[in-house]
Structures are given as structure tokens and as C-alpha cells.
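Participant: output the structure for:
(one chain, ligands or ions: 1)
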Amino acid sequence: MTKILIVEDEPKVATFIKRGLDESGFECEVAYDGLMGRKLFNNQAFDLVILDINLPHVNGLELCNEFRLMNADLPIIMLTALGTTEDKLSGFDSGADDYLVKPFEFRELLARIRSLLKRSSNNTGGNNILSFQDLSMNLDTYEVSRSGQKIELTQKEFALLEYFIRNKGRVLSRVDIAEKVWDITFDTGTNVIDVYVNFLRKKIDKDFEQKLIHTQTGVGYVLKAG
Ligand code: CA
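Facilitator: The predicted model follows:
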């Protein structure tokens, strides 16, 4: 299901958008301020983001910049009550794909969402890069880097990292990992998953202050920021 993040501090507007998108078959999460928006973004995978500009704590332009750095292909639509050319330009400068001035009709928002999603699904062949925070992996060239620093991974470690990034924010059990990455049914007598997760941690987390792979005691592992 296509998942959309809505960052909007006016409850009425947020509800109006969420209700419309729910009815149109999208799954939505709403954040009512910039910090909450950042937190949701860091811990879940979204297909598109709708961002208000004037937000408490962290404004939409700043968030847009951050989201764009972490994910070059993510469609982002900015919303604002301000309709001047300068505002539009600063929205595009910060990496937004589209811009809508409040008040707007829901069907206009929906049309733009559909067109951006269509464009991004057409693009996926050209630019096969998955990223999370400062970590990025190229599925075509097998290059992995963190904060611009190259990281060498074995084939299995690469597959494991890909699985983590595609499921960022989700706690993955050893059974999930065994089935999806190793294509085997998990045998409780083996600790191969823990061994490989630790190999991967040494390569992507050891030299960095912010750890990305976290242990969820008794359950498994989760890729998240802090
Ligand atoms: Ca606002």
C-alpha cells in the first residue's frame, strides 16, 4: 500500500487531507509539528511526503532539505498559505517536487499526488539507490557508503542491509531475516543471523557515533536513527 506522510500543524487541514487520502486508498501518518514529522520520517518508509511550510519547532523548508538529502527520489509536495513567487521558489530550492497554495481543493492535491507517484515509479529503473540517514546503497553497482565513506560488504551483508533499509523502523525477527535474506526456514539451533548482523554492524556502525542497527531484546533487530 502506498504510504504518505502528512506534516501539517492545523488539525482541520490535516484531517481533511488524511480523510480524503484514506478514502482514496492510501495509508497516511500525520505529524502536527516538525519534530514529530522528522521522527516519523526516520522510523518508517514513506512513498510520498506532504509538508506544510510554517510548522512549530522545525519548518517545512528545513525538513524538506533534510528529507531530500536522505532520499533523492522521494516525491515531496509543499503546502502553504503563502502564495508569493518567492515562497514557491524557496520551496523548490529546498527540493520540493510540487507546491500547493492553501486553500486548495482535495481533488487537485490528489491529482498531483498521483502524477508524482507515477513519475517516481517510472524512474526506479534509472536510479537504483536505497538510503537511510547518511547511509546509501546502490543496487546496480553494489556500492555502499556512509557519510560519503565507502564501505565494502560481502554479498550476504549487502542483502541483509538491503532488507534492513527496505524495512527501516520495523523490528525484524531472526525468522523474518532468515526467510527473506537466506531463503531458509529458521533453525533455532543456529546463530548465523546474529553473527551476520554483527558483521554488518562492525562495518556500518562501529566507526560512527550514531548507531543505526539496534537490538530489540527477545525479538530481533531494527534499523532506526538512535
Ligand atoms: Ca502551518
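
Participant: buried set for the helix or strand encompassing residue 158?
Facilitator: According to DSSP states H and E, residue 158 maps onto helix 155-166. Using 16 or more other C-beta atoms under 10 Å as the test for burial, helix 155-166 gives 157-162, 164-165. (Each C-beta comes from the backbone N, C-alpha and C, glycine too.)

Participant: again with stretch 181-201
Facilitator: Buried residues in stretch 181-201 (16+ other C-beta under 10 Å): 181-182, 186, 193, 196-197, 200-201.

Participant: could you find the closest non-adjacent residue to the residue nearest the centre of the chain?
Facilitator: The C-alpha lying nearest the average C-alpha coordinate of the chain belongs to residue 45 (C-alpha atoms, centre = their mean; 4.0 Å). Residue nearest to residue 45 in three dimensions, not counting chain neighbours: residue 168, with 5.6 Å by C-beta to C-beta, 6 or more residues apart in numbering.

Participant: tally of neighbours for the closest residue to residue 147 other than its chain neighbours?
Facilitator: Among residues not flanking residue 147 along the chain, residue 134 sits closest, at 4.5 Å (C-beta to C-beta, 6+ apart). By other C-beta atoms under 10 Å, the residues close to residue 134 number 16.

Participant: number the chain from 419, please
Facilitator: Done: numbering now begins at 419, and the last item shifts to residue 552.

Participant: can you list the domains in the protein?
Facilitator: 421-540, 547-641 (automatic domain parsing).

Participant: stretch 447-458 near the ion anywhere?
Facilitator: No: using C-beta under 5 Å from the ion, stretch 447-458 stays clear of the ion, with a minimum separation of 9.4 Å.

Participant: residue numbers of this protein in contact with the ion?
Facilitator: Counting by C-beta under 5 Å from the ion, the residues of the chain that sit close to the ion are 427, 470, 472.

Participant: which of those has the most neighbours?
Facilitator: Busiest of the residues of the chain next to the ion [other C-beta under 10 Å] is residue 470, holding 26 neighbours.

Participant: how much space separates that one from residue 553?
Facilitator: Using C-beta to C-beta, to the nearest Å, residue 470 is found at 28 Å from residue 553.

Participant: identify the residues contacting residue 563.
Facilitator: 553-554, 569 (C-beta atoms under 8 Å, 6 or more residues apart in numbering).

Participant: ok, then the element right after the helix or strand hosting it?
Facilitator: For residue 563, the host element (DSSP H and E) is strand 562-564. Using DSSP H and E, the next helix or strand after strand 562-564 towards the C-terminus is strand 567-569.

Participant: can you list the strands that that following strand pairs with?
Facilitator: Strand pairing for strand 567-569, using DSSP bridges, gives strand 562-564 (antiparallel).
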